[in-house]
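# no sequence on this one, just coordinates:
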């Protein structure tokens, strides 16, 4: 498993500037290291996408670059092409927007859980879809943080937590 998707119901439209600021705040509060990456803007200079890196602070090398133990978080502003999805197996007919895509989850499960738990604490209406048929809510992440092995939480059906 390589990716996790933070989904919001279509047309809920949390502004990207707010999402990025909340990510910054979450990293400060949860003692995670944040690295700014690329930013894509539209013709009116409104941010439409950005990429960030998140790791534990002890993963930072002495030359101020970060080791491979990092998740990449791509943040999207709705609407954005190719960022909508329907989870057919949920049978709720809802269309979701990929507001955050987290890559490099494998072997970075603890950083991912820490980040997602604190981020969804600010946005409990969001859900997390792991590249399986599992969707985690904020309460599922809370259970995972308290009861599971932090390195395997995302490989467990949330109903089994």
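Noted; the coordinates are in hand. Predicted, not measured: the structure shown is a model, and the values here were computed from it.

# contacts and neighbour counts: CA atoms only from here.
OK.

# helix/strand/coil for residue 101?
Classification of residue 101 by DSSP: H, G, I helix; E, B strand; the rest coil places it in strand.

# is residue 129 in contact with residue 137, as I believe?
No. When contacts are counted by C-alpha atoms under 8 Å, residue 129 is not listed as touching residue 137 (9.1 Å).

# tell me the pLDDT at residue 68?
On pLDDT, residue 68 comes in at 59.

# ah, wrong one, I meant residue 156
Listed pLDDT for residue 156 reads 87.

# can you give me the helices in this protein?
16-29, 109-122, 138-147 (DSSP state H).

# so which of these is nearest residue 84?
Within those, the stretch nearest residue 84 is helix 16-29; the backing value is 15.8 Å (C-alpha to C-alpha).

# hmm, who's touching the closest one?
The contact list for helix 16-29 (C-alpha atoms under 8 Å, 6 or more residues apart in numbering) reads 33-34, 47-49, 54, 75-77, 115, 118-119, 122.

# turn those residues into CSV, including pLDDT, distance to residue 107 and neighbour count.
As requested, the contacts of helix 16-29 are exported to CSV (pLDDT from 0 to 100; distance: C-alpha to C-alpha, whole Å; neighbours: other C-alpha atoms under 10 Å):
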residue, pLDDT, distance to residue 107, neighbour count
33, 96, 17, 18
34, 97, 18, 22
47, 96, 30, 17
48, 96, 29, 18
49, 97, 25, 21
54, 97, 13, 25
75, 98, 21, 24
76, 97, 24, 26
77, 96, 28, 21
115, 97, 14, 22
118, 97, 19, 21
119, 98, 20, 22
122, 97, 25, 16
